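The sequence and its predicted three-dimensional model are supplied below.
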Amino acid sequence: MTTAKRALKKYFGYDHFRPLQEQVIQSVLQGEDALVIMPTGGGKSICYQIPALIMEGITVVVSPLIALMKDQVEGLHANGVDAAFLNSSQSSQQQASVMERITEGSVKLLYVSPEKLLSHDFYYLLLQLKVNLFAIDEAHCISVWGHDFRPEYAKMAYLKKQFPHVPVIALTATADNLTQKDIVNQLGLTNPKKFNSSFDRPNLSLNVAPGKDKFKTILAFLRQRPHQSGIIYCLSRKATEGLSEKLKNAGVNASYYHAGLSAEERARRQEDFINDEVPIICATIAFGMGIDKSNVRWVIHYNLPRNIESYYQEIGRAGRDGLKADTLLFYSFSDVIVHRKFIEESAQKEVSNAKLERIQQFCDAQICRRKILLNYFGEHLEEDCNNCDVCKNPPRVFDGTIIAQKAFSAIVRLKERVPAGILIDVIRGSSRQEILSKGYQKIKTYGAGKDIAHQDWQQYMLQLLNLGFISVAYDDGNALRLTPQGREVLFGERLVNLVHLASMKSVPEVKPIVKTSKQEAREGLFEALRKLRLQISREENIPPYLVFSDASLQEMAQEEPTSEFEMKLISGVGVRKYQLYGDLFINEIVEFGQKKNYEAKKSGESFYQTYEYYKQGFSVEEIASIRKINPVTIYSHLASLYEKGADIDLSEYLNPSELERIEDAYRSLNETNKVKDLYLFMNEEIEYYKIRLGISYLKVLSSS
């Protein structure tokens, strides 16, 4: 086992790295600069935390948000790692205490804000320290082409100038090709290694719904997901407050968050969400970047995000633990108008408009949404994902030429001077004062579309906009104009296919699941463990996920560990976590089993009993006699235990020549696990149990 893997198991409780993590770590350990593109929840922090634990000196991590620093440091402390942060939220006394620990050399990772990094005092501190690595988190903030540009990030090029021999690793979850190039140039990285992990988050379901009956849809969505934690992103502060109030009136435990709240109130609401006191939060995009909460099970966009990067980053708050999570985006014409107005006031109008169009296309498309999302980031997906609304419910299209001609005729007759809202009122024959006072009721197409609901007209107009038949004059009151293609439709030279709105379901249908008694018992144990976790987190005043993640609890409920050995096989249970909480969770599992009259002899307990006798020096035959089971079963236990990392000497049962023959057969048969095939391949000359032991030996050898 490599030094990096030992650190991963000891401090974080994981047996294996995620894709690309180990390659990034080795590059950093060799002193190379690196640009790392990994999805949210892909394990970016491990890429610099493991090197920090291995190398001499201190790693400096630049992070944009105070909350994110706090969460990261608390998480490291829970894993037995000495880490600290320096930022404006601390008193002078607190900062002095941190400085003392730094100068003593005990701190392995120091988190700082860009502003702190750029201060003169901090520069002089760096000169006195043995800095082994600079890690720039959320590195897309350095680029004007990124979706969250921050001017202070752009000043960090001085790091390579002042500390040319210290490697720099830049990390982000969202950066297109243009942004990636800008990050490298702005930081002055020296021939950096580039690591592009897959942007695919297969555990996230992607759903887009029309922006009508949103509240009703949300309530139906929540009823299908009781007790789950989620975020609803809104475009305005007012919307967060209004939606939160409506949810509370409907009996939903929800809160809201936006930049207009005081710093203290924002911190309190964020803590309530992180600590599972309030499971649902309605928030503007000011919320989320600093959230390191692994068990967010869903994200809803109440309004259209401004670009695909923002959308991808925000849905990335869900399912960080790798378990199934859902996303839902509401799409309406009015959101497009609002974004266009904001863009008119921005510096990067052309790029911003282009990116807004891309997310409109994403919402409007009738092909696999995951393909579109991955294509945007330069990644090709061969097969449909079967985990988005389009794949699950392919929409039907119809000939919408007549509908389009009615709309286009009205646009022309109104001299291309009215916005979508007024146009729809005219087509539907509205008699409100604004229509009548301007004489719009006199045009030929007045009332021509009264058989179609107002909300449906909005959706059709949005489709026509994204098909390129109409455009919006943002500098002329958002008036609708016909494009040349639209005129072809108007004059019968071109057909238009529109999507049946009835086929655009708000939420994919969920069929009732019939659960077995075993599944129900497992869910009951998970809930018991979740309650214990919440109790511990409240007592220690830390977020529940810092005790154990949902993924770890799910595995505990599945495996039911009842010993130290078994508990340490659970992913996410490292040395420190076991010391702190292992016995508490084992006791809960045992008590739950007694309450539910669980069968005492599980396979895991059986393995452990075998291992206990083995450690005491009993032979396989003696163990089998004591336990009254077949010796072949004992050999199978030893093989499985060896694969899980137990200290077992397989050479007691296999001589070198036998192992060599098994290896030759194993390689010849493409590393098959089928013992019978190997037995026959070797002319039935080596016993089954020895082949089983040999396979385990070769598996461990190839993974080390």
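Looks like it came in fine. Note that the structure is predicted; figures quoted are calculated from it, not measured.

Residue 254 against residue 240, yeah?
No. Counting by Cβ atoms under 8 Å, residue 254 stays clear of residue 240, with 9.9 Å between them. All C-beta spots, glycine's among them, are computed from the backbone N, C-alpha and C.

got the contact list for residue 429?
441, 446-447, 450 (Cβ atoms under 8 Å, 6 or more residues apart in numbering).

contacts for the strand or helix carrying residue 102?
Using DSSP states H and E, residue 102 maps to helix 92-104. Identification of contacts with helix 92-104 by Cβ under 8 Å, 6+ apart yields 58, 82, 84-86, 90, 107, 110, 125, 128-129.

Repeat that for stretch 472-489.
Taking Cβ under 8 Å, 6+ apart as the rule, stretch 472-489 contacts 336-337, 340-341, 344, 401, 404-405, 408, 411-412, 416-420, 423, 461, 464-465, 467-471, 490, 494-496.

Repeat the analysis, applying 7 Å as the threshold.
With contact meaning Cβ atoms under 7 Å, 6 or more residues apart in numbering, stretch 472-489 is reached by 337, 340, 344, 401, 404-405, 408, 411-412, 416-420, 423, 468-471, 490, 494, 496.

would residue 398 count as being in a helix?
No. Remark: residue 398 does not belong to a helix; assigned using DSSP: H, G, I helix; E, B strand; the rest coil, it is strand.

Please list all residues in contact with the nearest residue to residue 495 once chain neighbours are set aside.
Leaving aside its sequence neighbours, residue 495 sits nearest to residue 401 (Cβ to Cβ, 6 or more residues apart in numbering; 5.0 Å). Residues in contact with residue 401 (Cβ under 7 Å, 6+ apart) are 489, 495-496.

What residues sit buried inside the helix holding residue 102?
For helix 92-104, the neighbour count (16 or more other Cβ atoms under 10 Å) marks 95, 102 as buried.

same question for that helix, mean pLDDT?
The average pLDDT within helix 92-104 is 89.

Same question for stretch 15-27.
On average, stretch 15-27 scores 91.

so where's the stretch 501-650 of the chain shaky on pLDDT?
Counting by pLDDT under 70, the ranges of the stretch 501-650 of the chain that qualify are 502-518, 520, 594, 596-605.

Can I get stretch 57-69 in CSV? Just the C-alpha atoms.
Output in CSV follows, covering the C-alpha atoms of stretch 57-69 (Å, rounded to 0.1, in the frame of the first residue of the first chain):
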residue,chain,number,x,y,z
GLY,A,57,5.9,22.0,6.0
ILE,A,58,2.5,23.6,5.6
THR,A,59,0.0,23.7,2.7
VAL,A,60,-1.8,27.1,2.1
VAL,A,61,-5.3,26.8,0.7
VAL,A,62,-7.0,29.8,-0.8
SER,A,63,-10.8,29.6,-0.4
PRO,A,64,-13.3,32.4,-1.4
LEU,A,65,-15.8,31.9,1.4
ILE,A,66,-15.5,31.9,5.2
ALA,A,67,-18.1,29.2,5.7
LEU,A,68,-16.3,26.9,3.3
MET,A,69,-13.1,27.3,5.3
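
In that stretch, which of the residues would be classed as buried?
If you call a residue buried by 16+ other Cβ under 10 Å, then stretch 57-69 has these buried ones: 58-69.

count of neighbours near residue 228?
Using other Cβ atoms under 10 Å, residue 228 has 16 neighbouring residues.

Quick check, it in contact with residue 297.
Yes. Look at residue 228 against residue 297 with Cβ atoms under 7 Å: they come within range, at 4.0 Å.

What ranges does the stretch 401-550 of the chain have for its strands?
Along the stretch 401-550 of the chain, counting by DSSP state E, counting those that start in this stretch, strands occupy 470-473, 479-482, 497-499.

Name the stretch among the ones you listed that sits most buried.
For the strands of the stretch 401-550 of the chain, the largest average neighbour count (mean count of other Cβ atoms under 10 Å) is found in strand 479-482, namely a mean of 19.

Show the subsequent helix or strand relative to the lowest-mean-pLDDT helix or strand in the chain.
Lowest on mean pLDDT, DSSP states H and E among the helices and strands of the chain sits helix 603-615, with a mean of 76. Heading C-terminal from helix 603-615, the first helix or strand you meet, by DSSP H and E, is helix 620-627.
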